[in-house]
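Participant: no FASTA, just this:
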Ligand SMILES: Nc1c(NC[C@H](O)[C@H](O)[C@H](O)CO)[nH]c(=O)[nH]c1=O
Ligand SMILES: CC(=O)[C@@H](O)COP(=O)(O)O
């Protein structure tokens, strides 16, 4: 279903698992920081709203989305961290670099999740332009950061 048909911030709090004792890592890419900071706020505030405590939310920054996979591995290997939320925004440019980054990150995060048997959430926007990015970072289509946080919570309640 296209995002245009489903708001990224819509979710039901019913049957949400208790996360008051659960520890989360949020890794934020520094490319397109106006977008990724909005994603971070969405994820962070959603975790708090659903019962997480401030001291159990660990933030780390990486230079770009390509580095999310290694940073996710560094956080997932920490036994007390139960879910890793990875936030980035890769905007299509003139070349195929976009495709290489997006594919590498999607594959890399999946590998980490399966290796460490923990939710590693793909909270990476892959828009064609800045407008599409902002629409999904608190704009008309909601906030992908909210969606990433709820996805992590739902996976912990699996
Ligand atoms: N163009 C974007 C990048 N590029 C940087 C890469 O992610 C990486 O940091 C670099 O290739 C060095 O390894 N990153 C984004 O997150 N978003 C972009 O639009
Ligand atoms: C996704 C990117 O790395 C991109 O911003 C780079 O732009 P370009 O493909 O025009 O070099």
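Facilitator: Okay, I see it. Since the structure is predicted, the reported quantities are computational estimates derived from the model, not experimental observations. Ligands and ions are numbered 1, 2, ... in the order given.
Participant: Next to ligand 2, which bits of this structure? Give me the list.
Facilitator: Proximity of the chain to ligand 2, by CB under 6 Å from any ligand atom, involves residues 90-91, 93-95, 97-98, 101. Using the backbone N, CA and C atoms, a C-beta is placed for each residue, glycine as well.
Participant: The host helix or strand of residue 74 near ligand 1 at all?
Facilitator: Element membership for residue 74 (DSSP states H and E) is helix 68-76. No: shown here: helix 68-76 not in contact with ligand 1 (CB under 6 Å from any ligand atom), separated by at least 8.1 Å.
Participant: other SSEs contacting the helix or strand that comes right after that helix?
Facilitator: Towards the C-terminus, the helix or strand next in line after helix 68-76, according to DSSP H and E, is strand 83-89. Counting by 3 or more CB pairs under 8 Å, 6 or more residues apart in numbering; DSSP states H and E, the packing neighbours recorded for strand 83-89 are strand 24-29, helix 33-49, helix 68-76, helix 97-116, strand 120-125, helix 144-156.
Participant: now for these, which one comes closest to residue 17?
Facilitator: In this view, the helices and strands packed on strand 83-89 are compared for proximity to residue 17 by CB to CB, and helix 144-156 is the closest at 5.7 Å.
Participant: ok and that closest one relative to strand 24-29, angle-wise?
Facilitator: 150 degrees (axes from the mean of the first three to the mean of the last three CA atoms, to 10 degrees).
Participant: what comes into contact with helix 144-156?
Facilitator: Contacts made with helix 144-156 from outside it, assessed by CB atoms under 8 Å, 6 or more residues apart in numbering, are listed as 8-9, 11, 16-17, 19, 22, 24, 38-44, 46-47, 50, 82-87, 119, 121-123, 125, 136-137.
Participant: Give me the buried subset of these.
Facilitator: Among the contacts of helix 144-156, those classed as buried by neighbour count (16 or more other CB atoms under 10 Å) are 8-9, 11, 16, 19, 22, 24, 38-40, 42-44, 46-47, 50, 82-87, 119, 121-123, 125, 136-137.
Participant: filter the residues you listed down to the ones close to ligand 1.
Facilitator: Checked against ligand 1 using CB under 6 Å from any ligand atom, the buried ones among the contacts of helix 144-156 yield no neighbours at all.
Participant: about what we covered before: could you give the angle of the helix holding residue 74 to strand 24-29?
Facilitator: Between helix 68-76 and strand 24-29, the angle formed by their directions is 160 degrees, by the same axes, to 10 degrees.
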